[in-house]
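> sharing a sequence plus its predicted fold:
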Amino acid sequence: MVRWGVLGLGRAANSFANAIKEVENAKLTSIASLSKNKNFKFGEKFNIPKNCQFNSYEELINCKEIDALYIATLNYKHADLIIKISEANKGILCEKPMTLTKDESKKVFDQLNKSKVFFLENIAYRSHPQTNEIVNKILNNEIGNIKKVESSVGFRVNPILKFKPGHRLFNKKFGGGAINDIGCYPVSLVVLIARLLKNQVNEIPYKITDVYKKNNFRGTDDEGSLKIEFHKLFDAELKISIKEILAKPTIIYGTKGKMIIPNPWLPNKNTSIEVSTSEKNYIKKISSKYSVYANTIKAASDAIQQNNNYCQFPNMTWEDSIISSKILTEWKNYLYKV
């Protein structure tokens with residue numbers, strides 16, 4: 001049994017605490033928040049004993065009664081916490097984004113390579129069986145050579161939150177903005193496809209060819225798009241928004257046809273993808289024993305029990321997190337320069 005602790009008790013922590021109930025080899029045993037009130041309410045809701053409710057992150061990080069920690073704090077705290085937890089020799093599941101810049105990512109992985117502890121960036125769809133199905137269809141050349149990917153993710157946040165300077169989505173210091181919050185989804189997908197086609201993700205040359213931005217008066221990005229070219233492989237058009245719902249399916253185009261993924265980011269226990277070519281057109285139904293977040297907890301807990309320091313592909317590998325962070329950093333640099 002992997003004994004998990006949680007740092008930060010917001011919405012992501014609640015999702016984790018509900019999902020871990022599905023996982024037979026994992027248990028939430030401890031929590032930490034800088035707010036005693038949050039500790040009390042969360043502890044009551046999820047039956048966490050009072051002696052396992054900590055009022056500082058460091059206390060929980062150094063607790064000998066846990067094996068791994070889930071980082072669910074504000075984005076800007078992620079990098080420092082990853083380093084502190086790795087120094088304490090505990091496994092790490094970090095809510096996306098792993099870090100806010102590629103420089104932070106380098107510091108994080110320099111430390112992880114020293115400590116050799118388990119680490120996984122929580123981009124949950126990567127642990128779902130749907131992703132395995134996508135990978136297999138690309139490797140089996142069902143739609144031919146990949147030429148283009150169109151992918152988007154967006155939701156509509158309450159506009160009044162812009163006038164709350166402390167809200168995480170609209171505070172630049174906290175790592176707010178659409179790119180930091182949801183850009184990792186389509187970026188990590190094209191990184192996955194590039195890895196499949198080259199099998200060496202760090203050596204794949206790419207070029208950002210076009211950027212659209214729309215910032216708000218708080219100085220963070222509300223929506224945007226990115227066109228990226230993976231040299232001699234494929235092009236991608238990515239769109240994100242926290243102003244409107246973008247419910248379009250992700251489409252992967254190949255020389256023989258296309259693959260349509262209606263629910264790419266939060267697939268249910270029962271989901272499907274569509275393959276359409278000149279020779280065949282069918283819908284592949286996919287089932288999962290676990291919910292989307294529970295799949296990630298299961299993958300992480302299995303790896304920790306097996307003394308591995310990473311999850312097997314198509315889960316987010318360390319290399320995938322590094323290259324995704326690099327692309328996201330460059331995307332943000334374009335936004336604030338253009």
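That came in fine, so what should we check first? Note that the structure is predicted; figures quoted are calculated from it, not measured.

> please make it C-alpha for all contacts and neighbour counts, starting now.
Noted.

> beyond the helix or strand of the chain with the lowest mean pLDDT, next helix or strand please.
Lowest by mean pLDDT, DSSP states H and E among the helices and strands of the chain is strand 206-215, with a mean of 80. Counting by DSSP states H and E, the next helix or strand C-terminal to strand 206-215 is strand 221-230.

> what is the least confident helix or strand of the chain packed up against?
Other elements packing on strand 206-215 under the criterion 3 or more C-alpha pairs under 8 Å, 6 or more residues apart in numbering; DSSP states H and E are strand 221-230, helix 318-337.

> could you redo the last one with a cut-off of 6 Å?
Under the contact criterion of 3 or more C-alpha pairs under 6 Å, 6 or more residues apart in numbering; DSSP states H and E, strand 206-215 touches strand 221-230.

> the inter-axis angle of the strand it packs on versus strand 206-215?
Relative orientation of strand 221-230 versus strand 206-215 (axes from the mean of the first three to the mean of the last three C-alpha atoms, to 10 degrees): 170 degrees.

> list the neighbouring strands of strand 221-230 plus their orientation.
With DSSP bridges as the test, strand 221-230 is paired with strand 206-215 (antiparallel), strand 234-241 (antiparallel).

> deepest in the core, which of those is it.
strand 234-241 (a mean of 22; mean count of other C-alpha atoms under 10 Å).

> from the chain's centroid, how far away is that strand?
17 Å (C-alpha atoms, centre = their mean, to the nearest Å).

> I'd like the distance between the closest residue to residue 183 other than its chain neighbours and residue 130.
Leaving aside its sequence neighbours, residue 183 sits nearest to residue 240 (C-alpha to C-alpha, 6 or more residues apart in numbering; 6.5 Å). Distance, residue 240 to residue 130, using C-alpha to C-alpha, to the nearest Å: 22 Å.

> quick revisit: between the strands paired with strand 221-230, which gets nearest to residue 185?
For residue 185, the closest of those is strand 234-241, at 9.4 Å, according to C-alpha to C-alpha.

> which of the three states applies to residue 258?
What DSSP: H, G, I helix; E, B strand; the rest coil gives for residue 258 is strand.

> and it, how many neighbours?
23 (other C-alpha atoms under 10 Å).

> contacting residues for it?
Going by C-alpha atoms under 6 Å, 6 or more residues apart in numbering, residue 258 touches 143, 252, 276.

> same check, this time on residue 275
So residue 275 contacts 259, 281, 282 (C-alpha under 6 Å, 6+ apart).

> list the buried residues for stretch 35-44?
Within stretch 35-44, the residues that count as buried by 16 or more other C-alpha atoms under 10 Å are 38, 39, 42, 43.

> Throw those into TSV and include secondary structure and pLDDT, thanks.
Below are the buried residues of stretch 35-44 laid out as TSV (DSSP: H, G, I helix; E, B strand; the rest coil; pLDDT from 0 to 100):
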residue	secondary structure	pLDDT
38	helix	92
39	helix	91
42	helix	96
43	helix	95
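
> export those residues as CSV, with columns for distance to residue 177.
Converted to CSV, those look like this (distance: C-alpha to C-alpha, whole Å):
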residue, distance to residue 177
38, 25
39, 27
42, 27
43, 30
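
> got a list of what residue 12 touches?
Neighbours of residue 12 in contact, by C-alpha under 6 Å, 6+ apart: residue 72.

> list the buried residues in whichever strand or helix holds it.
Assessed by DSSP H and E, residue 12 sits inside helix 11-19. Residues of helix 11-19 classed as buried by neighbour count (16+ other C-alpha under 10 Å): 12, 13, 14, 16, 17, 19.

> nearest residue to residue 249 other than its sequence neighbours?
Residue 249 sits nearest to residue 262 (C-alpha to C-alpha, 6+ apart), 4.3 Å away.

> the strands in the stretch 1-150 of the chain, which residues?
Ranges of strands in the stretch 1-150 of the chain, per DSSP state E, counting those that start in this stretch, are 2-7, 26-32, 53-54, 68-71, 91-95, 119-122, 146-154.

> show me the shaky parts of the stretch 201-338 of the chain.
For the stretch 201-338 of the chain, the stretches with pLDDT under 70 are 201-202, 213-219, 336-338.

> at 50 what do you get?
Within the stretch 201-338 of the chain, the segments meeting pLDDT under 50 span 338.

> surely residue 265 and residue 125 touch.
Yes. Taking contacts as C-alpha atoms under 6 Å, residue 265 lies within contact range of residue 125: 5.3 Å.

> from residue 312, how far off is the residue lying farthest from the centre of the chain?
Within the chain, the residue lying farthest from the chain centre (C-alpha atoms, centre = their mean) is residue 279, at 35.2 Å. Noted for residue 279: a distance of 33 Å to residue 312, by C-alpha to C-alpha.

> and what of residue 223?
Distance, residue 223 to residue 312, using C-alpha to C-alpha: 32 Å.

> these two: which has the busier surroundings?
Remark: of residue 223 and residue 312, residue 223 carries more neighbours, 21 against 13, as counted by other C-alpha under 10 Å.

> partner residues bridging the closest residue to the more buried one other than its chain neighbours?
Spatially, and ignoring its direct neighbours in sequence, residue 223 is nearest to residue 241 (4.0 Å; C-alpha to C-alpha, 6+ apart). Residue 241 has these beta-bridge partners by DSSP bridges: residue 154, residue 223.
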